[in-house]
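# Generate coordinates for the sequence data below:
(one chain, ligands or ions: 2)
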Amino acid sequence: MPVQPLDALLIVSFGGPEAPEDVVPFLENVTRGKNIPRERLEEVGEHYFGFGGRSPINDLNRALITAVEADLAAHGIDLPVYWGNRNWDPYLADTLQQMADDGVTDAACFVTSAYSSYSGCRQYREDLFEAVQDHPVTLHRLRHYFNHPGFVGPFVEATRAALAEAPQDTRLVFVTHSIPESMNEASGGPGARAYETQHQEVARLVAESVGADRHDLVYCSRSGPPQVPWLEPDVNDRLETLAAEGVTSVAVVPIGFISDHMEVVYDLDTEARATADRLGLRFVRVATPDDAPAFVAMVRELVEERAAQLRGEDPERATVGDLGVSSTACSTTCCLNARSSRTALA
Ligand SMILES: CC1=C(CCC(=O)O)c2cc3nc(cc4[nH]c(cc5[nH]c(cc1n2)c(C)c5CCC(=O)O)c(CCC(=O)O)c4C)C(CCC(=O)O)=C3C
Ligand SMILES: [Fe+2]
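Ligands and ions are numbered 1, 2, ... in the order given. Have a look, this model is predicted:
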C-alpha cells in the first residue's frame, strides 16, 4: 500500500509520570497557566503516588506503537513511527527535532484523544504548531476517529462481553472526562458543543449495537475551581441516583479513553467502584480499545486515507452513525479557548 507523500507517523499524547519524583513536575507541566486549586493538585498527586508514582499512559502508548509498527509491517508499509507528548518525556519538541534530523518531511499525526475539545484537540494542535516551528517538516493531523468503526467496534465487542457475564437488567453507564461547560460550548466551533454531541453519539451507537434499551452518559475527573461549571453528572453522583431508582447492576463504559489511563484505573476502577460497592451496586468496567486489532488497524487506515487525500484521491472514509466524517482541517475558531492566544496547526 502506498502512503506517499507521508514519510512518518507521529503519535501525539498527553504523557505521564514514570516515578514518584516525576509526579510534581508533571503536574506543574499540566497545570501551567491553568486555574487549578492547590487541593485538587494534591489530590491528583495522591492518585499517582497510590500507583507508585507511575502513570499507565506511557507504557500503554509504547505498546500501541509496537502494535501499530507490527500492523504497518504486516501490510507492507515502511513508515517510521515517532512519539511525542505534551506533558512528559518524550516531549513533542524533542521528537520534532529528531524527525527533522532524520529527514522527515511529511508526518501524519495521530492524537490519542478521539473527540473535539480544547483539551483533546486544539491544545494538541497548538503544541504541534509550536514544536514544528523552525523545522522543515509538514504535519498532517489525522481526522477525529470517535465515529470510526475501529474505535466504536472494540467498545461494542467489550460491552457485549461484559454484559454476557452480567445480570439481565444491567444498566450501561458511559463515562468520559468532564470539561468546563464553556469548553464544551466552544468544541467544534462557537456554540457547537461537539464534545458532548460526539460522546452522545458513541454512547447511542454502542447501546443500540448491544441491544440496551436505556443508558446514561456521565462524567469523571472534574477539576478546576468549584464555582466554574463543568459537564455533569459526575459518575459517582449518577451511581447514587441509579441505586435510589432501584438499579442493582451497572456496566461502566469508558468511551472517553482509548486505553486504561489514570482516569480509568483511579477515577473509575478505584473510586467509582468503591461508590458502587457502598451502594450495593454490582459493578463491571468495560475494556477500552487499547490493543484491539481493529483499533490498531484503524491507525493504519487513517494514515492510508490521509495519504490518498494528499495525493488528490477521494478515498473511502469509514464512519458509523449519523455525524459523518470529521474534517482533518479545523477552522480557526474550532475549540477556541479564550485564555489561550497560541496559534494552532489547522
Ligand atoms: C478532555 C480531556 C482529556 C481527554 C483527551 C486527552 O486524552 O487528551 C484529558 C486527558 C488526560 N488528562 C490527564 C491528566 C490530567 N488532566 C488534568 C487536568 C485537566 N484535564 C482536562 C481535560 C481532559 N484531560 C481539563 C479541562 C483539565 C483542567 C486543566 C486544563 O484546563 O487543562 C490534570 C491536572 C490535575 C487535575 O486537574 O485533574 C491531570 C493530571 C491525562 C493523563 C492520565 C494518565 O496519567 O494516565 C490524560 C490522558
Ligand atoms: Fe485531563
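# can you count the residues close to whichever residue of the chain sits closest to ligand 1?
At 2.8 Å from ligand 1, S223 is the closest residue in the chain, using C-beta to the nearest ligand atom. C-beta coordinates here come from the backbone N, C-alpha and C atoms, glycine included. Other residues lying near S223 total 20 when counted by other C-beta atoms under 10 Å.
# Settle this for me: Y82 is touching A100, isn't it.
No: in terms of C-beta atoms under 8 Å, Y82 does not count as a neighbour of A100; the distance is 10.9 Å.
# show me what contacts H47?
Applying C-beta atoms under 8 Å, 6 or more residues apart in numbering to H47 gives the contacts 262, 266-267.
# T159: which of those residues is nearest?
The nearest member of those to T159, counting by C-beta to C-beta, is D267 at 19.0 Å.
# Could you pull up the contacting residues of that closest one?
Residues in contact with D267 (C-beta under 8 Å, 6+ apart) are 47, 220-221, 235.
# correct me, but A276 touches L242?
No: look at A276 against L242 with C-beta under 8 Å: they stay out of range, at 9.4 Å.
# Overlap in contacts, those two.
V250.
# hmm, back to that, out of the contacts of H47, who's near ligand 1?
Filtering these for proximity to ligand 1 by C-beta under 6 Å from any ligand atom leaves M262.
# Among the contacts of H47, which are located in helices?
Among those, the members found in helices (DSSP state H) are M262.
# How many residues are close by the closest residue to D78 other than its chain neighbours?
If you skip the residues right next to it in sequence, D78 has L72 as its closest partner in space, 7.7 Å away by C-beta to C-beta, 6 or more residues apart in numbering. By other C-beta under 10 Å, the residues close to L72 number 22.
# and L72, what pLDDT?
Turning to L72, the model gives it a pLDDT of 98.
# Number the residues from 656 up from this point.
With 656 as the first residue, the last one maps to L727.
# How about stretch 693-711 and ligand 1, any contact?
Yes: for stretch 693-711, a contact with ligand 1 is found by C-beta under 6 Å from any ligand atom, at 695-696, 699, 710-711.
# buried stuff in that stretch?
Counting neighbours by 16 or more other C-beta atoms under 10 Å, one finds that the buried residues in stretch 693-711 are 695-696, 699-700, 702-703, 706, 708-711.
# Stretch 895-905 now?
Applying a neighbour-count criterion of 16+ other C-beta under 10 Å, one finds 895, 897-898, 902, 904-905 buried in stretch 895-905.
# sorry, back to before: I figured the residue of the chain closest to ligand 1 was touching E694, is that so?
No: taking contacts as C-beta under 8 Å, S878 lies outside contact range of E694: 10.8 Å.
# Okay, now the unreliable bits of the stretch 806-955 of the chain?
Applying pLDDT under 70 to the stretch 806-955 of the chain flags no residue at all.
# So for the protein, the centremost residue is which one?
Centroid-nearest residue in the chain, with C-alpha atoms, centre = their mean: S768, separated by 2.6 Å.
# Surely it touches R777?
No: assessed by C-beta under 8 Å, S768 is found out of contact with R777, at 10.8 Å.
# and F938, backbone torsions?
Backbone dihedrals for F938, given as degrees, to the nearest 10, come out at phi -130, psi 130.
# That one: how many residues sit nearby?
Neighbour count for F938, taken as other C-beta under 10 Å: 21.
# Does the residue of the chain positioned farthest from its centre belong to a helix, a strand or coil?
What lies farthest from the middle of the chain is G901; by C-alpha atoms, centre = their mean that is 32.2 Å. Assigned with DSSP: H, G, I helix; E, B strand; the rest coil, G901 falls in the coil class.
# Likewise for S837?
Per three-state DSSP, the local secondary structure of S837 is helix.
# What's the local residue count around it?
Other residues close to S837 by other C-beta under 10 Å number 15.
# tell me the contacts of it?
A993.
# can you do 10 Å?
Each residue near S837 by C-beta atoms under 10 Å, 6 or more residues apart in numbering is listed here: 773, 883-885, 992-994.
# ditto for F810
Taking C-beta under 10 Å, 6+ apart, one finds 829, 857-858, 860-861, 864-865, 908-910, 941-944, 947, 950 in contact with F810.
# A963: neighbour count?
Close neighbours of A963, defined as other C-beta under 10 Å, add up to 18.
# got the residues of the chain near ligand 1?
669, 671, 682, 685-686, 689, 691, 695-696, 699, 710-712, 767-768, 772, 774-775, 832, 834, 876, 878-879, 916-918.
# 5 Å instead, please
Counting by C-beta under 5 Å from any ligand atom, the residues of the chain close to ligand 1 are 669, 671, 685, 689, 691, 699, 710, 712, 768, 774-775, 832, 834, 878, 916-917.
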